[in-house]
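Enquirer: below: sequence and its predicted model.
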Amino acid sequence: MKVIKVNTQLEGAKLALEILSEKIAAGAQTFGLATGSTPVEFYNQIINSDLDFTDKTSINLDEYVGLDGSDEQSYRHFMNEHLFNEKPFKANFLPNGKATDLEAEAKAYDAIIEAHPIDFQILGLGQNGHIGFNEPGTPFDETTHVVDLTESTIKANSRYFESEADVPKQAVSMGIASIMKSKTLLLMAWGDAKAEAVKAMIEGDITESLPASILQTHDDVIVIVDEAAAQLLN
């Protein structure tokens with residue numbers, strides 16, 4: 001695990017763009033993407049770059065159950081607004097949160113991942129150590145699955161909704177085992193609120209109670225953190 005400390009989120013996003021550019025130059029074709037506030041500046045940097053994704057494929061980590069791309073709170077809408085509208089890809093895959101059979105949708109999504117192995121996966125980090133929507137206690141061998149979101153995750157995501165009651169209680173998420181198949185993982189974390197999770201992820205035990213701790217076992221992980229998120233590291 002390579003840990004890089006930067007002064008600001010903007011500096012981290014620019015560094016992430018440099019790493020992405022190097023991976024594309026080396027032949028990367030399929031990109032695992034994340035939503036939420038963490039990667040927004042990174043996506044801004046991509047939009048303002050000369051990188052071309054028209055022959056590339058994206059596979060997103062997750063989608064809320066009950067929402068489709070027409071809903072402004074869906075992750076497909078988020079990705080359209082923050083990246084896809086400005087940087088079109090050959091193909092964009094996200095779970096179908098409106099699927100009538102969610103278990104079948106999860107299996108179909110695993111088939112997509114198998115057909116398009118992820119070269120470069122972007123990750124954020126939840127305050128409770130989740131990656132994707134893989135909450136504490138998720139088995140490390142879990143593939144794409146339907147997740148019951150924890151109270152802390154619902155509360156953290158409520159800032160995007162009119163009220164906490166409006167936040168979906170479930171999501172379809174790429175599993176930890178699915179994420180770990182990616183050739184390169186790049187995780188970004190910003191701010192004081194992520195400091196304890198960052199420390200546990202990097203310096204703590206590998207445990208399912210802290211899902212991101214499994215990243216310690218991956219062969220190619222890059223962690224970019226600002227000073228606030230890194231403040232508890234030895």
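Expert: That came through fine.
Enquirer: please make it C-alpha for all contacts and neighbour counts, starting now.
Expert: Will do.
Enquirer: figure out how far the lowest-mean-pLDDT helix or strand in the chain is from the centre of its chain.
Expert: Across the helices and strands of the chain, mean confidence by mean pLDDT, DSSP states H and E is lowest for helix 151-157: a mean of 84. Put simply, helix 151-157 sits 16 Å off its chain's centre (CA atoms, centre = their mean, to the nearest Å).
Enquirer: contact partners of it?
Expert: Contact with helix 151-157 is made by 126, 128, 164, 167-169, as judged by CA atoms under 8 Å, 6 or more residues apart in numbering.
Enquirer: and if we set it to 10 Å?
Expert: With contacts defined as CA atoms under 10 Å, 6 or more residues apart in numbering, helix 151-157 is touched by 36-37, 126-128, 130, 133, 135, 148-150, 158, 163-170.
Enquirer: any of the residues you listed buried? List them.
Expert: Neighbour counting by 16 or more other CA atoms under 10 Å classes 126-128, 130, 133, 135, 148-150, 158, 167-170 among the contacts of helix 151-157 as buried.
Enquirer: residue 30 touches residue 54, doesn't it?
Expert: No - in this structure residue 30 lies outside contact range of residue 54 using CA atoms under 10 Å: 11.5 Å.
Enquirer: so after the longest helix belonging to the chain, what's the next helix or strand?
Expert: Identified as the longest helix of the chain according to DSSP state H is helix 9-25. Per DSSP states H and E, the first helix or strand lying C-terminal to helix 9-25 is strand 30-33.
Enquirer: chain center to whichever helix or strand comes after that next one, what's the gap?
Expert: Using DSSP H and E, the next helix or strand after strand 30-33 towards the C-terminus is helix 40-47. A distance of 14 Å separates the centroid of the chain from that of helix 40-47, by CA atoms, centre = their mean.
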